[in-house]
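Asks: sequence-free structure coming up:
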């Protein structure tokens, strides 16, 4: 037998410009930089990653996403706009990933420490699980998920024409715990604030995110974490919660 094939681990960021609620949102600027660029800087701090890939569409509007990927010296892949599951799978296959960690482009202040923890937990249990996530109880915009490329390939082959499962990359996996070995990583109570939205869906989300990011940049802490945000909004700037409190989250309608 030859040497074991390296487990190539990649972070795939799903991102496109044609959001119905806030078009071009990833290029709204904070501190003179697109919010997507700030997110990429953050993701580059995650440990043990072989590749970072922006998985976008073939639409002309997304040329600038590919341009930003080149500027930041990371990879990009262009695929289907609506079949995001296929787009992520093809991205992983093109760059020969064995393990995929997905973060949506709507999570610009993802917690580096929480991602590191999820990745290391998954790798420690690699032979026993197919998929892991850490989002239960966390603020909306702080969670991510990790799984084997082989798992996504198997899942995608079973989706057929289910548009909802094509759009939401791991929905079919989560709906089928008997077919896939799933781990839900739990966090201490201090992280629990599922009703807090620090994801980028609408303009009011951007307004809140901008305030949070600038607050920490001024304090020379650009890579603040989830607990920093919870402390800020619970104890120091509670009135900021009003900014995006009426934003409706579509993912709350998804059932699995």
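Replies: Received the coordinates, thanks. No experiment lies behind these values; they were computed from the predicted model shown.
Asks: tell me the contacts of residue 61?
Replies: Going by Cβ atoms under 8 Å, 6 or more residues apart in numbering, residue 61 touches 16, 17, 18, 24. To be clear about C-beta, it is placed using only N, CA and C from the backbone, and glycine gets the same treatment.
Asks: adding neighbour count, write the residues you listed out as a markdown table.
Replies: Putting the contacts of residue 61 into a markdown table (neighbours: other Cβ atoms under 10 Å) gives the following:
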| residue | neighbour count |
| --- | --- |
| 16 | 21 |
| 17 | 19 |
| 18 | 11 |
| 24 | 12 |
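Asks: could the residues you listed be laid out in a markdown table, adding secondary structure and pLDDT?
Replies: Shown next, in a markdown table, are these (DSSP: H, G, I helix; E, B strand; the rest coil; pLDDT from 0 to 100):
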| residue | secondary structure | pLDDT |
| --- | --- | --- |
| 16 | coil | 95 |
| 17 | coil | 92 |
| 18 | coil | 87 |
| 24 | coil | 94 |
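Asks: from these, pick the one nearest residue 6.
Replies: Nearest to residue 6 among the contacts of residue 61: residue 16, at 30.4 Å, using Cβ to Cβ.
Asks: which one of the contacts of residue 61 is nearest residue 194?
Replies: Distance ranking of those against residue 194, using Cβ to Cβ, places residue 16 first at 25.8 Å.
Asks: which strand or helix spans residue 123?
Replies: Counting by DSSP states H and E, the element that carries residue 123 is helix 112-124.
Asks: if you count contacts, what does that helix end up packed against?
Replies: Helix 112-124 sits against strand 9-14, strand 99-104, strand 131-133, strand 145-148, with contacts defined as 3 or more Cβ pairs under 8 Å, 6 or more residues apart in numbering; DSSP states H and E.
Asks: need the contact partners of the second one.
Replies: So that's strand 99-104. Contacts of strand 99-104 with the rest of the structure, by Cβ under 8 Å, 6+ apart, involve 7-15, 43, 49, 88, 92, 110, 115, 118-119, 122-123, 144-149, 152, 169-170, 199.
Asks: if you set the cut-off to 7 Å instead, what comes out?
Replies: Residues outside strand 99-104 that contact it (Cβ atoms under 7 Å, 6 or more residues apart in numbering) are 7, 9-14, 43, 88, 92, 110, 115, 119, 144-149, 152, 169.
Asks: do the shortest one as well
Replies: The contact list for strand 131-133, computed with Cβ under 7 Å, 6+ apart, reads 118, 121-122, 143, 145-147, 151, 170, 173, 180, 182-185.
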